[in-house]
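> Below is the sequence, then the predicted model.
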Amino acid sequence: MMRVSLAVRPRKKPTIPIEAETITPASFLEGAEIQVWRGNRELPLDEVFAVTIEGAADRPEDVEIVLSGDTSRMKRVGEYMDAGRIVIDGDIGMHCGNFMSGGVIEIGGNADGWLGREMQGGTIICRGNAADYCAAGYRGGRKGMTGGTVEIFGNAGDFAAENLAGGTVIIHGNAGDMAGVELHDGTLIIKGDCRRPCGNMSGGVCVIYGIAYDMLPTFRKMGTEIRDGREFLSFTGDIANRGKGNLIVKDCTYQD
Amino acid sequence: MIIKDTVCPFCGCLCDDIEVTVEDGKIVATDNACTLGTSKFLGDHRMKSPIRRVGKEWKEISYDEAIDYTVDMLLDADRPLLYGWSGTHGEAQCVGVHMAELLKGVIDNTSSVCHGPSILAIQEVGHPGCTLGQVKNRADIIIYWGCNPIDAHPRHLSRYTRYANGFFLENSFRDRKVIVVDVRKSQTTNLADEFVQIKPGCDYAVLSALRAIVRGKGDDLPRTVGGVQREQLFRIVDLCKKAKFGAVYFGLGLTMTAGKYKNIRNAIELVDELNRHTKFTISAMRGHYNVYGSNEVNTWMTGYPFGIDFSRGIAFYNPGETTAVDILARKECDACLIVASDPAAHFPRPCIEHLAEIPVVQIDPYANATTAFCDVQIPVGITGIDAAGTAYRMDGVPIRTKKVLETAYPSDEEILGSVYARIQEVRQP
C-alpha cells in the first residue's frame, strides 16, 4: 500500500489556479517526475506541495493520495483516474475527477465547478457543497456523466447533473436552478429542494424529496406513488420534445 | 466635404448608408444615422496622449513608454487576461489572438457578458439563422424577444423589419406581423401587433410551452404560463405556423436572465420545431458593432469564439471558468490588458476590485470608467472614424469600415502590432 501525502506550500499568489491533472494514483506508481502548471508556468510537483510517500505499491488500486492545505484552486485533480483513492481534507478546485472511470475521490470540504465532469465510473463523495455543473457535461457536448456515483452531502449549485446519461447522482441538500437539464439516462436524487428541474429531459429518472420550485409546465402528471411511506407526484416529460423521462417530486410550485 | 456610404461603428446593425460631413478636420454633421450613431461620430474630448498613473497623479507619457510598460507587464504575468475587443476592427483582434497565444494568456471578448450564452446554445443545437436581407425581403412575421430595438438598435425596424418594404413585401407595415415578448412595456412593444408580457424569469417555461403547443401537446399545459394566458400562446403558434417566413430576434432579456444559454437553446429548438411547418429563423441582436467579428476572428484562429485560455500552450475553452468575469471575480489573473471596451462600467464589483489590485493597461480613445482602475491608458484612432478595418454585422456579414478623418492617432492594430513585435523579440528570438 502506497500513501502519498501532498501538503500545499504557502504561495505568493494564492489565487492563481494550479492545474494538476497529474495527481492520480497511476502517475505516482510510474515514479516519473510529476509536473503541475501554475497559470502559464510548468513547475515540479514539490515546488507546490510538500510531498511525502510512504510504502510502495505495484498497482494503482493500492495507492492513496491525501491532499491537505489550501487546495481550493487546484484544478483537475484526479482527472482520468481509473483506480485507487484520493482524499482531500479541505476544498477542491474545478474539474476534480473529470472523466474518471474508477476508484474513489473523497472531499472533506466543498468542491468547485464541474466536479466529476463527464465521469464514466468510480465514486466521488463530497462532504461539503458542490458548485455549478456538478456531475455535468462539457460545453456543447451531448453526453455528460455516463457512469459511476456522485454523492454530495451539502448543496449543489446550478445545472447539477446537466446532460446526465448514466450513473447515479445523489444530492443530500438542495440543488440550484435547472438540475438535471437535458437528462438522457441515469438517476438524479435530490433530498432537498431545487428549481426548474429536468428541462428538456428525454429519459432517465429524477426524484426530488423536497419542493421543486417553478416546475416547467411541460411535464404531464401521471399520478402518485409511495416512496419511503410518503406520497410523491409522478410526471413524464419533457413534452416540449419527445421526452420519456420520469420526474418524481414530493411537492412543486409553478410559474403561473 | 460630404463622405457618402460611411459605415456606422456603433451597434451590430453596422448601417452602411451614413453620410458624414467633414469640415476643418472635424465631423460636423451626419445624415441617416440614428441618435446613437450620430453621437459616436460627433464624439469629442479624446485623450491627447498616453497617460500613466504615478502615485495619485496622471502623467503624460510617450507611446514608446506606454508600449514598454505594456510589454513588461504582460511578460511578467503568470496568467495575463486580454479582454475587450468588440469595439475594434478584425485586424487588431487577429493581433490580439496571436499575442494571447505567445504570452500563454487568456483572451476573452465582451460576448462573455452579452451573447456568449447564445453561442453556447448554438454549440449545443446549431443555428437556424439567415442574413438581414433575407428577413427584409421575405419575413412576414417577426418576433422580438427580450430586446428593445427602438432604443438599442434604432434602425433595425426601419431597415429590415417593421417599416422596411421588401421584394416579397410591398407594404411592410400592413403585411408583416410583429410580436414582441418582454417583461415590460417599451417603445418597441408599442409598435407590436401582439405584445406578450411575461413575468421576469419565465422565458424558459414560456418557450417550453410554445414548443409543446407546436407539437400538438398544448392541452397538457396549465391555464397560464409565466403570466401569459394559454389562449395567447395558442394564437401565437397559430400565427407562426401560418407565416410564410418567420424571424426571431432576441436580446439580453433572454441571454442574461436565469437559465441563460438554456433559454436560447429552448428558443432555437422552438424554431427547429416551427421549421417542420414553415420557414423560420432565429438570430441574436448583437450589441457592439464588431462583437460578432471578435467571435469570428477567435473562432477561425483558435476554434473557440470567446473565453480562450492559452495557459498550457493550447486553446482551452470553458465559459464560467475561462471568461473575464469569472477570472476577475476569482482573482485568477495577475495582469490585464483591456482593448476597446469598458469593463469597469459593466462588471460586478468583485471584478473591479481585482482590477484595482493588479496592473492594468487600457487601449481606448476616451477616458472611461475603466480609466480609474488602469495604470496606463493608450489613446488610439476610432475604427470607422479615423481608422479603417473590417467589422462583422450582427448577421455575420463582414463590412469594411471607412476612415473619414486624418488624425495623428495610431490604430489599435498599430499599437497592438508594436506590443506583439516586442513580445516576439523576447519569446521567439
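Received, thanks.

> C-alpha only now, for contacts and for neighbours.
Fine.

> For whichever residue of the stretch 51-200 of chain B sits closest to chain A, which three-state class applies?
Of all residues in the stretch 51-200 of chain B, B:Glu124 sits closest to chain A, with a separation of 4.3 Å (CA to the nearest CA). State at B:Glu124, reduced to three classes by DSSP: H, G, I helix; E, B strand; the rest coil: helix.

> so what's the closest residue to it other than its chain neighbours up against?
Computed as CA to CA, 6 or more residues apart in numbering or on different chains, the closest residue to B:Glu124 that is not its neighbour in sequence is A:Gly140, at 4.3 Å. Taking CA atoms under 8 Å, 6 or more residues apart in numbering or on different chains as the contact definition, A:Gly140 lies against B:120-121, B:123-125.

> Tell me the residues of the stretch 251-400 of chain B that contact chain A?
The stretch 251-400 of chain B comes close to chain A at residues B:259, B:310-313, B:318, B:330-334, as judged by CA under 8 Å from any CA of the partner chain.

> Not counting its neighbours along the chain, what's nearest B:His45?
Residue nearest to B:His45 in three dimensions, not counting chain neighbours: B:Tyr366, with 7.2 Å by CA to CA, 6+ apart.

> which residues touch the nearest residue to B:Gly12 once chain neighbours are set aside?
In space, B:Gly12 comes closest to B:Tyr289 once its chain neighbours are excluded; the distance is 4.1 Å by CA to CA, 6+ apart. For B:Tyr289, the contacting residues are B:9-14, B:86-87, B:391-394, by CA under 8 Å, 6+ apart.

> A:Leu247 now?
For A:Leu247, the residues meeting the contact criterion (CA under 8 Å, 6+ apart) are A:198, A:205-208, A:234-237.

> rewinding a little: would you confirm that the residue nearest to B:His45 contacts B:Lys48?
No. Taking CA atoms under 8 Å as the definition, B:Tyr366 is not a contact partner of B:Lys48, at 9.2 Å.

> Those two: who's more crowded?
The neighbour comparison of B:Tyr366 against B:Lys48 (other CA atoms under 10 Å in any protein chain shown) goes to B:Tyr366, with 19 against 14.

> where's the more buried one, which helix or strand?
Assigned by DSSP states H and E, B:Tyr366 falls within no helix or strand.

> if I look at it, how far off is A:Arg11?
38 Å (CA to CA, to the nearest Å).

> B:Thr110 too?
To A:Arg11, B:Thr110 is 31 Å away according to CA to CA.

> So the two - more neighbours on which side?
B:Thr110 (28 against 11).

> The more buried one contacts B:Ser86, doesn't it?
Yes. A contact is recorded between B:Thr110 and B:Ser86 when judged using CA under 8 Å, the distance being 6.2 Å.

> Now do the shared contacts for those two.
Common contact partners of B:Thr110 and B:Ser86 (CA under 8 Å, 6+ apart): B:291, B:341.

> coming back round to it: so which of the contacts of B:Tyr289 wins on neighbours?
Among these, B:Ala391 has more neighbours than the rest - 31 neighbours, counting by other CA under 10 Å.

> what is it paired to in the beta sheet?
With beta bridges defined as DSSP bridges, B:Ala391 has these partners: B:Ile399.

> what's the answer for B:Phe280, then?
When assigned by DSSP bridges, B:Phe280 has beta-bridge partners B:Gly246.

> I'd say it and B:Tyr249 touch.
No. Contact between B:Phe280 and B:Tyr249 fails when scored by CA under 8 Å: they sit 11.2 Å apart.

> So those two - more neighbours on which side?
Set side by side, B:Phe280 and B:Tyr249 show unequal neighbour counts under other CA under 10 Å, the larger going to B:Phe280 at 27 against 19.

> ok, the more buried one - contacts?
B:128, B:245-248, B:271-272, B:274.

> Can you go through the contacts of A:Gly140 and name the buried ones?
Buried positions within these, assessed by neighbour count (16 or more other CA atoms under 10 Å in any protein chain shown), are B:120-121, B:124-125.

> got the residues of chain A near chain B?
If contacts are counted using CA under 8 Å from any CA, the residues of chain A sitting beside chain B are A:15-17, A:37-41, A:138-142, A:177-178, A:216-218, A:220, A:239-241, A:255-256.

> switch the cut-off to 7 Å
With CA under 7 Å from any CA of the partner chain as the criterion, chain A comes near chain B at residues A:15-17, A:39-41, A:139-141, A:216-218, A:220, A:239-240, A:255-256.

> May I see the ChimeraX selection of the buried members of the residues you listed?
In ChimeraX, a selection of the buried entries from the residues of chain A next to chain B looks like this (16+ other CA under 10 Å):
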select /A:15,16,17,39,40,216,217,218,220,239,240,255,256
